[in-house]
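Trainee: got a sequence here, can you model it:
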Amino acid sequence: MSGMIIFMAYASLSVVAAYYVWFYWSYFQLPGQNATDVSIDIIPVSVIIICKNEADNISGCIAGILQQDYPDFELIVVDDYSSDNTLEILRKIDDKRLTVLQAIENHPGKKSALQYAISQANNDLLLFTDADCIPASPHWVSSMVQRIQAKPHYEIVLGYSPMFRLPTLLNMFSRYETTITAMQYCSYALSGIPYMGVGRNLMYTKQLYLKSGGFEGHIGIASGDDDLFVSQSANRINTTVNTDLIGSVLTSSKGSLASFIRQKARHTTTATHYKPLHQILLGLYAIAQMVFYISVIVGCISNTMSYTCGMSLVLIKWIIQYLFQYNWFSKLDNKDLSICIPLMDVLMVAYYIFLPVYKIFLPKDRW
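Mentor: Predicted structure coming up:
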């Protein structure tokens with residue numbers, strides 16, 4: 001038994017280290033940084049937002065998009081049965097580029113509203129964000145267009161969406177989790193096995209949407225309008241990433257731990273619908289993290305390994321993690337979190353353990 005615990009500690013550490021090396025290698029495969037003065041073909045873009053009870057956020061979001069330097073885009077906003085005055089606020093905005101629509105079906109999630117918005121889009125190039133997001137720069141649209149134009153076979157751009165910084169532990173952890181997630185989905189895409197993107201900053205062509213059947217393959221699942229679509233439609237040929245900050249959109253972290261957990265539990269309901277390879281790789285990463293800490297703790301408590309040995313293994317893990325992830329954290333504008341890796345890493349393992357348990361009790365139709 002003692003030998004098994006020690007083996008599990010070393011084996012899980014080796015697996016986690018292998019992932020860190022993979023992510024480190026992927027960093028150097030990132031596309032060259034966008035330059036605002038690079039000449040691009042001006043392709044008409046349809047920016048799409050679905051909003052539900054976003055009266056507090058929608059004005060700032062719309063203002064940030066209408067201030068984009070891109071000369072040819074339309075903005076389609078669909079109000080998805082809001083019970084506040086979101087629709088009233090939208091109708092007061094006077095700009096010929098803005099089209100305000102009302103959803104025609106009231107279903108959990110936003111796939112139905114997205115289908116309607118896409119059907120009304122006049123352009124082939126579709127760019128998606130959320131009502132609680134604000135473009136990080138006036139070059140957001142230009143940056144995303146430049147990435148999809150980099151090669152003629154690109155049809156999907158996986159963008160990045162960092163969070164505003166606040167002096168709270170929940171905000172720090174939310175930013176850390178967002179950075180780890182971005183590092184993962186970008187690394188998978190750069191390795192030719194894309195599995196997800198975030199709907200806060202995602203671009204794809206209407207032609208691809210129609211060719212792949214849109215959301216029909218998972219229309220019965222409330223969430224997954226972003227990651228399940230990417231999972232079914234993206235491949236090593238048609239997908240690229242954009243991690244440049246000028247091409248990102250900023251969002252706020254949840255204000256309470258309960259709302260953060262509910263959001264993440266809802267998002268993870270789609271994971272069981274990923275392709276088997278993605279499920280295996282993502283599951284192995286999370287399991288290895290949990291097994292490492294559990295085996296070290298059990299080993300120390302049972303005197304299978306000394307406390308010095310256990311702490312040495314943990315310290316080695318943190319050092320490897322810092323060295324191999326620092327570039328990503330710098331690139332994704334969260335370098336300050338690098339010094340918090342010990343605390344954040346422990347919290348991530350608690351998150352991995354708690355979330356599946358909580359998800360069992362999550363109301364299935366809640367959005």
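Trainee: every contact and neighbour count from this point should use C-alpha atoms.
Mentor: Will do.
Trainee: centre of the chain to the helix or strand encompassing residue 114, how far?
Mentor: Element membership of residue 114 [criterion: DSSP states H and E] is helix 111-120. Distance of helix 111-120 from its chain centroid, counting by C-alpha atoms, centre = their mean, to the nearest Å, is 21 Å.
Trainee: which residues does the helix or strand following that helix contact?
Mentor: Taking DSSP H and E as the definition, the helix or strand that follows helix 111-120 towards the C-terminus is strand 125-130. Counting by C-alpha atoms under 8 Å, 6 or more residues apart in numbering, strand 125-130 makes contact with 43-51, 118, 141, 199-206, 249, all of which sit outside it.
Trainee: and residue 158, its phi and psi?
Mentor: The phi and psi values for residue 158, taken as degrees, to the nearest 10, are phi -90, psi 110.
Trainee: next up, the contacts around it.
Mentor: Residue 158 makes contacts with 186, 197, 198, 201, 202, 203, 239, 240, 241, 242, as judged by C-alpha under 8 Å, 6+ apart.
Trainee: apply 10 Å and report the result again.
Mentor: Counting by C-alpha atoms under 10 Å, 6 or more residues apart in numbering, residue 158 touches 144, 147-148, 182, 185-186, 189, 194, 196-204, 226, 230, 234, 239-243.
Trainee: who does it bridge with?
Mentor: With DSSP bridges as the criterion, residue 158 is bridged to residue 202, residue 241.
Trainee: what ranges do the strands span in the chain?
Mentor: Taking DSSP state E as the criterion, the chain carries its strands at 45-51, 73-79, 98-102, 125-130, 133-135, 156-158, 202-205, 239-241, 249-251.
Trainee: and the last one, how far out from the chain's middle?
Mentor: Offset of strand 249-251 from its chain centre (C-alpha atoms, centre = their mean): 11 Å.
Trainee: can you give me the helices in the stretch 251-367 of the chain?
Mentor: In the stretch 251-367 of the chain, the segments counted as helices under DSSP state H, counting those that start in this stretch are 257-268, 276-301, 307-331, 341-359.
Trainee: could the ones you listed be laid out in JSON lines, adding mean pLDDT and mean neighbour count?
Mentor: Formatted as JSON lines, the entries for the helices of the stretch 251-367 of the chain read as follows, by pLDDT from 0 to 100; neighbours: other C-alpha atoms under 10 Å:
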{"stretch": "helix 257-268", "mean pLDDT": "76", "mean neighbour count": "15"}
{"stretch": "helix 276-301", "mean pLDDT": "96", "mean neighbour count": "17"}
{"stretch": "helix 307-331", "mean pLDDT": "96", "mean neighbour count": "16"}
{"stretch": "helix 341-359", "mean pLDDT": "88", "mean neighbour count": "15"}
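Trainee: much appreciated, bye for now.
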